[in-house]
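> prediction below, plus the sequence it came from.
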Amino acid sequence: MHELDCPRCGRRPLDEFTFGGERRPAPDWLIDPDDRDFDEVWVFENPAGITNERWFHSAGCRRWLTVRRDTNADRVVEIA
Amino acid sequence: MVSEHIASLQPIAWHEPRDSYDVVIIGGGGHGLSTAYYLATRHGITNVAVVEVDYIASGNTGRNTTIIRSNYAIPEAIRFYDHSRQLYAGLEAETGAAIFHRVKGHVWIAHTEMGMRTERGRVLMNQAMGVDTELLGPADVKRLVPQVDLTGAGRYAVLGASHHVPAATARHDRVAWAFASGASSRGVHLIQHRPVTGLLRDGDRVVGVETAAGPIRAGVVLSAVGGWVSQVAAMARIRLPVRTHPLHAFVTNDFEQGLDKIVASTELACYVSQTERGQMLIGAEFDSQPSFSRLSSFDALRSYAYKISALLPFLRSMRILRTWAGLCDISADFSPIMGETGVDGFLITTGWGTWGFKAIPAGGEAMAELIATGRTPGLIAPFGLDRFRHDLAMADQASAGTR
C-alpha cells in the first residue's frame, strides 16, 4: 500500500498519513471491566484479514479517517 | 571454497511422524529448532516434534539481516542478549556446524543531540553491565568506517556513534540448519509442510495440536510461531499485545572494497552490513501499518536506498539484486514475550519483532529449561506475558534498531 484516498484531499502518498491503530471494542465475552480496559489498552486483534483502523492525515487536511483494510493483501477496502 | 562449505553442511535426519510426543513445538524457525536442540542436548528430552507449516527456516529465520548484538538499553535485555551473543560465539565449536560467525563491531550513528543522548545512555548502561560498548566522536567514526560521509549528504551530519565491539553476523539458514541437524540426529522429529489448524484440549488444558493431516498429542505445546502468532494464540483463547508488521530488506551486488563494520542509524531508520558473499545487506524500518503481505514495493526500496546512501555514498553506484520481506511480531513494549501463558500445557515464545535472530540460542535454551524443569529461568522471567497485567512493561524501543 503506497497511497490512500483521502475523502477531502484525494489520492495522496502514504507518507502523508500517520497510522492510528486498529479501532475495535473489547470482545463481548470479556465481562470484567478491568479485563475490558486491559484489552483495549494493551491487546491487538491483529487479524489476518479485514480490520477497521484509524489514519491521521498529518501532512494534509489533518483529519482522522476510518479505513477498512485487508491485512493479507495490505489493500484498502473502504475509506471514510 | 564453495564445495568446502557445502561439505561442511551436516545432514538432517528425517523420521516418520508419530501421533504423540512429550513436547510439540509449533514453528520450525530458529526459536523452535533451538528449543528442540537444547531440550535434546541439555535435558535429554528427545521425544519432541517440531511442526512447520512450510519448510524449516522458511519464515523470518531466513528473512532477517543476521545481526548479533547485545547493545540494548535496559538491564534485563542486555543480560539476555549478551548471553545469546556468547552462545552464538561458541556455537560452531559446540555443534561442529559452520555458521559463518564473524565478529565485526556495530557502529550506531547519531545525527541529532537527542540521538547522541540515546547513544551515551546506551554506552553507560552497557558498560555498567560489563558489555563492551564505547562512545565515538565523528573522527573515530570516520576511522572505523572510512566510507562514511560525515556530512550525511549535507542533511544528516554525523555527531557521533556508539561502537559495540563484540557485535557479529552469522549465516541465518546455517544457524537454523545447525540446530535442526543437532536436534534431529538426537531423535527430534522435524515435520515439514504440516499446518497446525487447532489445539487439542482436555478441559482447560492443551494436550496437543490438530493438523491438516490429523491430530498430534503432546504433554506440552510451545508456540514458536513468527508472523501468524496472534492466530495461533487465539486457538488457546489467548489475546496478545502483538502487531505483525512487514519489514523489507535487500542486497546489492558485490562490494569488493569491503565494509568491515555493521553500520546503523536510528534517525535514518536503516542499517547495513556485508554478507559473506560480498553483497551489501540493507534493512530499514518496518511498515507503519500491520499486514501479512510480503511484497516489497518500489517506493520502500527507493526510500531506504536514499537514506542509507546519504550516509554511505558508495552505495549509489550499487545495484539492488534481490529484495524480500519478513513479518515482525512487534510487541507493545518492543521486547520479546516468553514463557507461560496462563493456559496449562501451552507455552509461548513470541514478540520477536526485529530482534529475533540474535536471540535464537538464548531464547531456545531458556524455553527448553522451562519445559524440562517447569520453572521459568531468571534470564527470561522479566519477559513473561503477564508483565503487561502488572504494569511491568520492558520498554526498549530505542534498541530495536528501527522505529
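Thanks, I have it. Residues are numbered from 1 along each chain as shown, chains lettered A, B, ... in the order given.
> apart from its chain neighbours, what residue comes closest to the residue of the stretch 301-403 of chain B found nearest chain A?
Closest residue of the stretch 301-403 of chain B to chain A, CB to the nearest CB: B:Phe388 (4.8 Å). Just so you know, the C-beta spots here come from the backbone N, C-alpha and C atoms, and that holds for glycine as well. Of all residues not flanking B:Phe388 in the chain, A:Trp42 sits nearest, at 4.8 Å (CB to CB, 6 or more residues apart in numbering or on different chains).
> my guess is the one you found meets B:Ala332, correct?
Yes. At 5.6 Å, A:Trp42 and B:Ala332 qualify as touching, with contact defined as CB atoms under 8 Å.
> need the residues touching each of the two.
B:241, B:388 (CB atoms under 8 Å, 6 or more residues apart in numbering or on different chains).
> can you report phi and psi for the residue nearest to the spatial centre of chain A?
Central residue of chain A (CA atoms, centre = their mean): A:Glu53, 1.3 Å from the mean position. When read as degrees, to the nearest 10, the backbone of A:Glu53 gives phi -150, psi 170.
> how about the helices in the chain?
Using chain A here. A:33-42 (DSSP state H).
> oops, chain B please
Counting by DSSP H, chain B has helices at residues B:2-7, B:30-43, B:75-89, B:91-95, B:113-128, B:138-144, B:172-184, B:229-235, B:298-311, B:360-373.
> residues in contact with the nearest residue to B:Asp54 once chain neighbours are set aside?
Sequence neighbours aside, B:His193 is the residue nearest to B:Asp54 in space, at 6.6 Å (criterion: CB to CB, 6+ apart). Listed by CB under 8 Å, 6+ apart, the contact set of B:His193 reads B:52-55.
> farthest-apart pair in those, please.
Spatial extent of the contacts of B:His193 (CB to CB) is set by the pair B:Val53 and B:Tyr55 at 9.2 Å.
> contact residues of chain B facing chain A?
Residues of chain B lying close to chain A by CB under 8 Å from any CB of the partner chain are B:228, B:230-231, B:239-244, B:246, B:287-293, B:295, B:297, B:299, B:332, B:388-389.
> hmm, 7 Å instead?
With CB under 7 Å from any CB of the partner chain as the criterion, chain B meets chain A at residues B:228, B:230-231, B:239-244, B:288-293, B:297, B:299, B:332, B:388-389.
> which one of the helices of chain B has the lowest average pLDDT?
Looking at these, the lowest mean pLDDT belongs to helix B:2-7 (a mean of 69).
> picking up where we left off before, nearest to B:Phe255, of the helices of chain B?
Smallest distance to B:Phe255 across the helices of chain B (CB to CB): 12.7 Å, for helix B:298-311.
> which helices and strands does the closest one pack with?
Counting contacts by 3 or more CB pairs under 7 Å, 6 or more residues apart in numbering or on different chains; DSSP states H and E, helix B:298-311 is packed against strand B:270-274, strand B:279-286.
> run the chain-centre distance for the shortest one.
So the one you mean is strand B:270-274. 15 Å (CA atoms, centre = their mean, to the nearest Å).
> pull the CA atoms of that strand into CSV?
Below are the C-alpha coordinates for strand B:270-274, written out as CSV (Å, rounded to 0.1, in the frame of the first residue of the first chain):
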residue,chain,number,x,y,z
CYS,B,270,18.3,1.9,8.3
TYR,B,271,21.3,-0.4,8.8
VAL,B,272,23.9,-2.1,6.6
SER,B,273,26.4,-5.0,6.8
GLN,B,274,28.3,-7.0,4.2
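> how many residues are close by the closest residue to A:Asn46 other than its chain neighbours?
Leaving aside its sequence neighbours, A:Asn46 sits nearest to B:Ser230 (CB to CB, 6+ apart; 3.9 Å). By the criterion of other CB atoms under 10 Å in any protein chain shown, B:Ser230 has 24 neighbours.
> check the one 3 residues further on too.
Other residues near B:Ala233 come to 23 when the count uses other CB under 10 Å.
> same question for B:Gly351.
Neighbourhood size, B:Gly351 [other CB under 10 Å]: 25.
> cool, the one 4 residues further on as well?
Residue crowding around B:Trp355 was assessed by other CB under 10 Å; the count is 24.
> so who does the closest residue to it other than its chain neighbours touch?
Counting by CB to CB, 6+ apart, B:Trp355 lies nearest to B:Ala400, which is 6.2 Å off, once chain neighbours are set aside. For B:Ala400, the contact set (CB atoms under 7 Å, 6 or more residues apart in numbering or on different chains) comprises B:334, B:353-355.
> look at the residue located most distally from the centre of chain A and report its pLDDT.
Taking CA atoms, centre = their mean, the residue of chain A most remote from its mean C-alpha position is A:Asp32, at 25.5 Å. Looking at A:Asp32, its pLDDT reads 96.
> which residues does B:Gly326 bridge with?
B:Leu247 (DSSP bridges).
> would you confirm that it contacts B:Thr65?
No. Between B:Gly326 and B:Thr65 there is no contact under CB atoms under 7 Å: 9.0 Å.
> pull the contacting residues for residue 57.
Unless you meant another one, I'm taking chain A. A:6, A:9, A:16-17, A:63, A:65.
> try again with chain B
Applying CB under 7 Å, 6+ apart to B:Ala57 gives the contacts B:29, B:173, B:176.
> perfect, I'm done here.
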